[in-house]
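1. would you be able to build a 3D model of this:
(one chain, ligands or ions: 2)
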Amino acid sequence: MSALGPSIYGSELPERELRERLIGGEIPVAVYGLGKMGLPLAGVYAETTGNVTGVDVDPTVVETLADGESHVVGEPGLDDLVAEQVERGRLTATTDGAAAAADAGIHVIIVPTLLAEDDSPDLATVESVLEDIAAGLEPGDLVVAESTLPPGSCRDVLLPHLIQESGLERGELGLAFCPERTASGSALRDIRGRYPKVVGGVDAASTRAAELIYGELTSNEVHAVSDATTAEAVKVFEGVYRDVNIALANELGRLADELGISVREAIDTANGLSVCQLHEPGPGVGGHCIPYYPHFLLSRFEEPMPVMRTARELNDAMPSVMVDRLADRLAATGADTDLADASVLVLGITYRAGVEETRASPALGVVDALREMGADVAGIDPLVDPAEYGARPVALEDLPDEPFDGAILVTAHEEFEAIPWSDLEPMVVVDGRDALDLSGTAHSHYTFAGSHDGSAPFGGGDGSDDGRSAPLEPRRTDGGTDV
Ligand SMILES: NC(=O)C1=CN([C@@H]2O[C@H](COP(=O)(O)OP(=O)(O)OC[C@H]3O[C@@H](n4cnc5c(N)ncnc54)[C@H](O)[C@@H]3O)[C@@H](O)[C@H]2O)C=CC1
Ligand SMILES: CC(=O)N[C@@H]1[C@@H](OP(=O)(O)OP(=O)(O)OC[C@H]2O[C@@H](n3ccc(=O)[nH]c3=O)[C@H](O)[C@@H]2O)O[C@H](C(=O)O)[C@@H](O)[C@@H]1O
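-> Ligands and ions are numbered 1, 2, ... in the order given. Alright, predicted model coming up:
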């Protein structure tokens, strides 16, 4: 931004005055990446500072925002926030990143960090944003990275890149890592202060500038850590913890059949102890976050890290486990159906209910494994077209007209609550999420890891227990009573 405007990095203004200038809109902000997290973040920056330009390479995203609308679905409050901020001229949008950078004094990066073919981190998207920023960078500007990054990225990649491309010297520009501790479906609440905001700069002045900004954005405390690499590590560690924890839950969940218990009930009860925080078993770990973050460490250091590596393998194997369970149950029914001759419905393609994201979704692995076995695969999803993921699309209202041998529930979209299961031809249903109540129907119902209500995997559905996959003693079949 113009060297004449107030600077946020290294400013000699008293802190109070700098804060007033920030919330008075005197320090323009550019937010690069207007996706599921970038758009809510741009909205909160706009309501705080009143002077934000959102940048995205996707023209439809920019046009939608320019019309005062949000392209992100399922985010409470976002439609209203965007409409208000755009109408009041506090939030504008452009595809021209370099132009936005030329005006801005605070540059916020919130584009995805991807993985290359060999699972090593691919910072190409972040680096393309850096090109835009460097073109407009002025002394006193602050660059804030909110994209999750491999630890060391700000220090070893982003800062050298910005210095080289902008011609500025170290100490003339600020750079801080300030991770998104947010999740789809609660982005605004999270950004506005659900958790302490972690900030860490490449130098003390960067950390101070980030503290000042987020002190205005969040209602929670701002937790400044020693440096940018520590802040990057905090975020990656949070994700790795979840991946490893879910892998353990999945391993335990797979024991439910042989134990003849509901592992979900056992986990719920074990978690009554505050030191025990086992996660939820399921059909795998999807999305462009949790399954990606372990690779931000695994590919880069000499330490072997067998726990994280094994957890990744276990979670990646879960879609095949779902298909194996279906094959077992199909073989166990009187019809003795082989998957190669079976018609199978996959319920849910996105990785998470209500979120339009399919990267690393377990459903993709389920569809692939079924197709490899020769099954005829149909799919249903309210947010995406299953045809794009190898499954023949079926509409919810057409389900009673088509007989299926089996179904696998991967993602429990709330729209599935309207499925009239009693009107569907009896089939084997593998429920990966403990989301279905098939009692009173003729379906053979298998709940992976059992139900929270205490039913073992084979409980539920009148035709469910033919005894051929009988678990070891003792087992529960009725939601509680040992038989
Ligand atoms: N989605 C989530 O639940 C969370 C995401 N994060 C992190 O936030 C970051 C962003 O995630 P999402 O918003 O979910 O991603 P997203 O995939 O929903 O959106 C990314 C946006 O960036 C745009 N984009 C791509 N390249 C660009 C460029 N060169 N310049 C400008 N815009 C560009 C895309 O068109 C898209 O609109 C990631 O690093 C992710 O790890 C962190 C916490 C939660
Ligand atoms: C609940 C929550 O806060 N999650 C955030 C997470 O968001 P994300 O949308 O990726 O979803 P998630 O709910 O953690 O689930 C990821 C995947 O793991 C699976 N999953 C999740 C939790 C669990 O107990 N069992 C399980 O199998 C989900 O089904 C999904 O396929 O990823 C975010 C990120 O770091 O990018 C991070 O801020 C948060 O940890």
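2. can you name the residue of the stretch 1-150 of the chain nearest ligand 1?
-> Using Cβ to the nearest ligand atom, the closest approach of the stretch 1-150 of the chain to ligand 1 is made by residue 35 at 1.7 Å. C-beta here means a position set from N, CA and C on the backbone, and glycine is covered the same way.
3. does that residue touch residue 110 like I think?
-> Yes: the pair residue 35 / residue 110 is scored as a contact, 7.4 Å apart, by Cβ atoms under 8 Å.
4. more neighbours: the two, which one.
-> Comparing residue 35 with residue 110 by other Cβ atoms under 10 Å, the one with more neighbours is residue 110, at 25 against 18.
5. tell me the spacing between that one and residue 237.
-> For residue 110, the distance to residue 237 equals 20 Å [Cβ to Cβ, to the nearest Å].
6. quick one: contacts for the closest residue to residue 393 other than its chain neighbours?
-> The shortest distance from residue 393 to any non-neighbouring residue, by Cβ to Cβ, 6 or more residues apart in numbering, is to residue 386 (4.6 Å). Residues near residue 386 by Cβ atoms under 8 Å, 6 or more residues apart in numbering: 346, 349, 378, 379, 380, 392, 393, 394.
7. rewinding a little: who's in contact with the residue of the stretch 1-150 of the chain closest to ligand 1?
-> By Cβ under 8 Å, 6+ apart, the contact list for residue 35 reads 56, 61, 72, 110, 111, 112.
8. my read: the first one touches residue 110, true?
-> So the one you mean is residue 56. No: contact criterion Cβ under 8 Å: residue 56 and residue 110 do not qualify, at 10.2 Å.
9. C-alpha coordinates for stretch 263-270, CSV please?
-> What follows is stretch 263-270, C-alpha atoms only, in CSV (Å, rounded to 0.1, in the frame of the first residue of the first chain):
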residue,chain,number,x,y,z
VAL,A,263,-17.4,-50.3,20.7
ARG,A,264,-19.1,-46.9,20.4
GLU,A,265,-20.8,-47.6,23.8
ALA,A,266,-17.4,-48.6,25.3
ILE,A,267,-15.7,-45.5,23.9
ASP,A,268,-18.4,-43.2,25.2
THR,A,269,-18.2,-44.8,28.6
ALA,A,270,-14.3,-44.7,28.6
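10. which residues make contact with it from outside it?
-> Outside stretch 263-270, the residues that touch it by Cβ under 8 Å, 6+ apart are 249, 252-253, 255-256, 276, 278, 280-281, 434, 449-454.
11. of those, which ones also sit close to ligand 2?
-> Among the contacts of stretch 263-270, the ones lying near ligand 2 by Cβ under 6 Å from any ligand atom are residue 280.
12. helices of the stretch 201-350 of the chain, start to end?
-> 204-217, 228-253, 256-259, 263-270, 295-298, 306-332 (DSSP state H, counting those that start in this stretch).
13. would CSV of those with mean neighbour count, distance to residue 400 and mean pLDDT be doable?
-> Output for the helices of the stretch 201-350 of the chain, formatted as CSV (neighbours: other Cβ atoms under 10 Å; distance: least, Cβ to Cβ, whole Å; pLDDT from 0 to 100):
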stretch, mean neighbour count, distance to residue 400, mean pLDDT
helix 204-217, 21, 50, 97
helix 228-253, 20, 31, 98
helix 256-259, 19, 30, 96
helix 263-270, 19, 30, 98
helix 295-298, 21, 43, 96
helix 306-332, 19, 21, 96
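14. got the phi and psi for the residue of the stretch 1-150 of the chain found nearest ligand 2?
-> Nearest residue of the stretch 1-150 of the chain to ligand 2 (Cβ to the nearest ligand atom) works out as residue 148 at 5.9 Å. With angles defined as degrees, to the nearest 10, residue 148 sits at phi -60, psi 130.
15. from ligand 2, how far off is the closest residue to it other than its chain neighbours?
-> Of all residues not flanking residue 148 in the chain, residue 235 sits nearest, at 5.3 Å (Cβ to Cβ, 6+ apart). Noted for residue 235: a distance of 7 Å to ligand 2, by Cβ to the nearest ligand atom, to the nearest Å.
16. ok, residue 235 touching residue 195?
-> No: using Cβ under 8 Å, residue 235 is not in contact with residue 195; the gap is 11.4 Å.
17. touching both of those two, which residues are there?
-> residue 181.
18. so which residues on the stretch 351-483 of the chain come close to ligand 2?
-> So far as Cβ under 6 Å from any ligand atom goes, the stretch 351-483 of the chain lies against ligand 2 at 351, 352.
19. residue boundaries of the strands in the stretch 351-483 of the chain?
-> 376-380, 392-393, 406-409, 428-431, 444-447 (DSSP state E, counting those that start in this stretch).
20. any chance of these in JSON lines, plus distance to residue 128, mean pLDDT and mean neighbour count?
-> Output for the strands of the stretch 351-483 of the chain, formatted as JSON lines (distance: least, Cβ to Cβ, whole Å; pLDDT from 0 to 100; neighbours: other Cβ atoms under 10 Å):
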{"stretch": "strand 376-380", "distance to residue 128": "33", "mean pLDDT": "98", "mean neighbour count": "22"}
{"stretch": "strand 392-393", "distance to residue 128": "34", "mean pLDDT": "98", "mean neighbour count": "16"}
{"stretch": "strand 406-409", "distance to residue 128": "38", "mean pLDDT": "98", "mean neighbour count": "26"}
{"stretch": "strand 428-431", "distance to residue 128": "42", "mean pLDDT": "97", "mean neighbour count": "28"}
{"stretch": "strand 444-447", "distance to residue 128": "45", "mean pLDDT": "96", "mean neighbour count": "28"}
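21. with distance to residue 186 added, can I get the ones you listed in JSON lines?
-> JSON lines is the format used below for these (distance: least, Cβ to Cβ, whole Å):
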{"stretch": "strand 376-380", "distance to residue 186": "26"}
{"stretch": "strand 392-393", "distance to residue 186": "30"}
{"stretch": "strand 406-409", "distance to residue 186": "24"}
{"stretch": "strand 428-431", "distance to residue 186": "25"}
{"stretch": "strand 444-447", "distance to residue 186": "27"}
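22. residue 302 is nearest to which of those strands?
-> With respect to residue 302, and counting by Cβ to Cβ, the nearest of the strands of the stretch 351-483 of the chain is strand 406-409 at 39.9 Å.
23. packing partners of the closest one?
-> Applying 3 or more Cβ pairs under 8 Å, 6 or more residues apart in numbering; DSSP states H and E, one finds that strand 406-409 contacts helix 306-332, strand 343-347, strand 428-431.
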